[in-house]
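Student: please work out how this folds:
(one chain, ligands or ions: 1)
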Amino acid sequence: MIVGFIGLGIMGRPMAKNLIKAGYKLCVYDKFAKFDDLVALGAEGASSNKEAASKSDIIITMLPNSPHVKEAVLGQDGVVEGIRAGSIVVDMSSIAPAASQEVGAALKAKGVEFMDAPVSGGEPKAIDGTLAIMAGGSQEVFDKVKPILEKMGSSVTLVGGIGAGNVTKLANQIIVALNIAAVSEAFVLAAKAGVEPAKVFDAIKGGLAGSTVMNAKAPMILDGNFKPGFRIELHIKDLQNALDTAHNLGVPVPLTAEVMEILQGLKTDGCAAHDHGAIVRHYEKLAKIEVRK
Ligand code: NAD
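Tutor: Sure thing, here's the model as predicted:
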């Protein structure tokens with residue numbers, strides 16, 4: 001069996017490397033990034049999305065957003081032009097659930113199965129092969145691709161039909177963004193009240209307010225370290241998908257909208273490429289105080 005891997009950026013490259021390490025034969029392609037390192041590790045290089053698909057039985061895509069996935073899969077020289085009936089496409093990008101359903105339906109018409117399987121965890125977990133993977137599709141397709149996904153993630157969960165993986169990812173991104181904003185708001189209050197935010201963190205991390213997000217981001221915030229990590233511009237992309245999806249369903253998401261505007265302000269301030277922990281900077285500006293150790 002050959003696994004096609006398309007999109008070899010920050011996340012896709014280490015994920016593809018883990019599949020090679022696990023013994024899978026890979027055929028790789030990226031429209032803009034070079035992939036000599038993967039070829040040196042034994043992968044076959046393709047010259048288009050179409051060619052990668054024509055040589056593979058299962059095709060994984062790891063691309064920035066919905067338009068990139070639609071172009072790579074359904075566009076000119078795309079996966080759909082090369083793929084054989086009976087193959088499976090697994091899109092691991094974080095995109096709009098409606099786009100997953102659109103791509104899934106177009107592939108179904110060609111006799112090709114589709115699954116959306118976005119990830120949480122970022123580059124370190126992509127490198128370690130310990131991503132959290134949330135999959136949307138049929139049980140039958142899930143059972144076929146699970147052994148491959150398990151080489152990239154430590155948890156692989158089928159959450160529903162096509163698009164459900166990306167609905168879950170949007171939920172994840174809402175919770176992460178709002179959690180960072182809450183931690184920021186609270187730390188700025190503590191600092192202004194003359195209580196060291198580092199001590200607040202130590203005191204509360206084992207209590208009800210403790211969270212994986214706070215454990216990951218509070219040390220960075222306290223060090224003033226905003227090296228990504230997860231870039232503000234990517235979180236804007238995810239919250240835009242969350243807002244669009246929610247509004248199409250008639251679901252108001254007031255807190256998501258509020259944090260989206262904070263992120264937009266940070267982008268205007270030149271922080272688009274900073275880690276999303278830089279949300280604290282918005283609060284620091286409002287209260288005219290810095291939260292540092
Ligand atoms: P990236 O921009 O580093 O990589 C995307 C790759 O896709 C690039 O190398 C680009 O050249 C390639 N590409 C774009 N259009 C293409 C096309 N039409 N055909 C072929 N290749 C094409 O992005 P990333 O950080 O690896 O993120 C990928 C996805 O994973 C995004 O949806 C992101 O939201 C999600 N994600 C990222 C992180 C993170 O921490 N970086 C964490 C979790 C999820």
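
Student: spatially nearest residue to the residue of the stretch 101-250 of the chain found nearest the ligand (excluding sequence neighbours)?
Tutor: Going by C-beta to the nearest ligand atom, the ligand is nearest to Gly122 of the stretch 101-250 of the chain, at 3.5 Å. Using the backbone N, CA and C atoms, a C-beta is placed for each residue, glycine as well. What sits nearest to Gly122 in space, not counting adjacent residues and going by C-beta to C-beta, 6 or more residues apart in numbering, is Phe230, at 5.6 Å.

Student: what does Glu102 give?
Tutor: Counting by C-beta to C-beta, 6+ apart, the residue nearest Glu102 is Lys70, at 7.2 Å.

Student: how many other residues sit next to the one you found?
Tutor: Look at Lys70: counted by other C-beta atoms under 10 Å, it has 17 neighbours.

Student: helices along this protein, start to end?
Tutor: Taking DSSP state H as the criterion, the chain contains helices spanning 12-21, 36-40, 49-54, 66-74, 79-82, 97-108, 122-128, 139-149, 164-192, 197-204, 212-223, 232-248, 254-268, 279-287.

Student: give me the mean pLDDT for the third one.
Tutor: So the one you mean is helix 49-54. On average, the pLDDT along helix 49-54 is 98.

Student: who's in contact with that helix?
Tutor: 4-6, 27-29, 31, 46, 59, 72-73, 75, 77-84, 87 (C-beta atoms under 8 Å, 6 or more residues apart in numbering).

Student: which of these count as buried?
Tutor: 4-6, 27-29, 46, 59, 72-73, 75, 77-83, 87 (16 or more other C-beta atoms under 10 Å).

Student: show me what contacts the closest residue to the ligand within the stretch 1-150 of the chain?
Tutor: The ligand sits closest to Gly9 of the stretch 1-150 of the chain, with a gap of 1.8 Å, by C-beta to the nearest ligand atom. Gly9 sits next to 30, 33, 62, 64 when contact means C-beta under 8 Å, 6+ apart.

Student: verify the contact between the third one and Gly7 for me.
Tutor: Yes: because the distance of 3.9 Å satisfies C-beta atoms under 8 Å, Met62 is recorded as touching Gly7.

Student: give the residues shared as contacts by the two.
Tutor: Common contact partners of Met62 and Gly7 (C-beta under 8 Å, 6+ apart): Ser93.

Student: near the ligand, which residues of the stretch 51-200 of the chain?
Tutor: Counting by C-beta under 6 Å from any ligand atom, the stretch 51-200 of the chain comes close to the ligand at 62-64, 68, 71-72, 93-94, 119-120, 122-123.

Student: now Ala246: closest residue in space that isn't a chain neighbour?
Tutor: Val253 (4.5 Å).

Student: separation between the one you found and the ligand?
Tutor: As judged by C-beta to the nearest ligand atom, to the nearest Å, Val253 and the ligand stand 19 Å apart.

Student: show me what contacts that residue?
Tutor: Counted by C-beta under 8 Å, 6+ apart, Val253 has contacts 174, 242-243, 246.

Student: which one (most neighbours) among the residues you listed?
Tutor: Going by other C-beta under 10 Å, Ala242 tops those with 25 neighbours.

Student: isn't that one right up against Thr168?
Tutor: No: the pair Ala242 / Thr168 is not scored as a contact, 11.6 Å apart, by C-beta under 8 Å.

Student: give the buried residues for the helix-or-strand element of the chain with minimal mean pLDDT.
Tutor: Ranking every helix and strand in the chain by mean pLDDT, DSSP states H and E puts helix 122-128 at the bottom, with a mean of 93. Within helix 122-128, the residues that qualify as buried are 122, 125-127, counting by 16+ other C-beta under 10 Å.
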